[in-house]
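>>> I'll drop the sequence and a predicted model, then ask my questions.
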Amino acid sequence: MDEIIIEKLMERRDFYLYTLKHLEFQFLTDSISEGNAEYEKVKTSATNQLKK
């Protein structure tokens, strides 16, 4: 009986760890995308200033 409870708890733990890992990766990906958009905006602005 205890083995079944421990197994269920370990499965739940693994599921939560997988979910956290996925969310962390998604957050990192979103941050990079936002950073790239900001970089492109600054690059365009700097290029326009240099053309003047």
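Arrived safely. For clarity, every value in this text was computed on a predicted model and none was experimentally measured. Residues are numbered from 1 along each chain as shown.

>>> Tell me the helices and strands packed up against the helix or strand containing Tyr18.
Here Tyr18 sits within helix 2-51, counting by DSSP states H and E. The contact analysis (3 or more CB pairs under 8 Å, 6 or more residues apart in numbering; DSSP states H and E) places helix 2-51 against no helix or strand. (Each C-beta comes from the backbone N, C-alpha and C, glycine too.)

>>> That helix - what's its average pLDDT?
Regarding helix 2-51, the rounded mean pLDDT is 83.

>>> now that helix, how far from the centre of its chain.
Chain-centre distance of helix 2-51: 0 Å, with CA atoms, centre = their mean, to the nearest Å.

>>> buried residues in stretch 33-51?
For stretch 33-51, the buried set under the neighbour-count rule, 16 or more other CB atoms under 10 Å, is empty.

>>> ok, residues contacting it?
Outside stretch 33-51, not one residue touches it by CB atoms under 8 Å, 6 or more residues apart in numbering.

>>> In CSV, list the C-alpha atoms belonging to it.
What follows is stretch 33-51, C-alpha atoms only, in CSV (Å, rounded to 0.1, in the frame of the first residue of the first chain):
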residue,chain,number,x,y,z
SER,A,33,11.6,37.4,-28.4
GLU,A,34,10.8,40.6,-26.6
GLY,A,35,14.5,41.5,-26.3
ASN,A,36,14.9,40.9,-30.1
ALA,A,37,12.0,43.2,-30.8
GLU,A,38,13.5,45.9,-28.6
TYR,A,39,16.9,45.4,-30.3
GLU,A,40,15.4,45.8,-33.8
LYS,A,41,13.7,49.0,-32.7
VAL,A,42,16.9,50.5,-31.3
LYS,A,43,18.8,49.3,-34.4
THR,A,44,16.3,51.0,-36.7
SER,A,45,16.4,54.2,-34.7
ALA,A,46,20.1,54.3,-34.7
THR,A,47,20.3,53.6,-38.5
ASN,A,48,17.8,56.4,-39.1
GLN,A,49,19.8,58.8,-37.0
LEU,A,50,23.0,57.9,-38.9
LYS,A,51,21.3,58.6,-42.2
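
>>> No further queries at this time; thank you.
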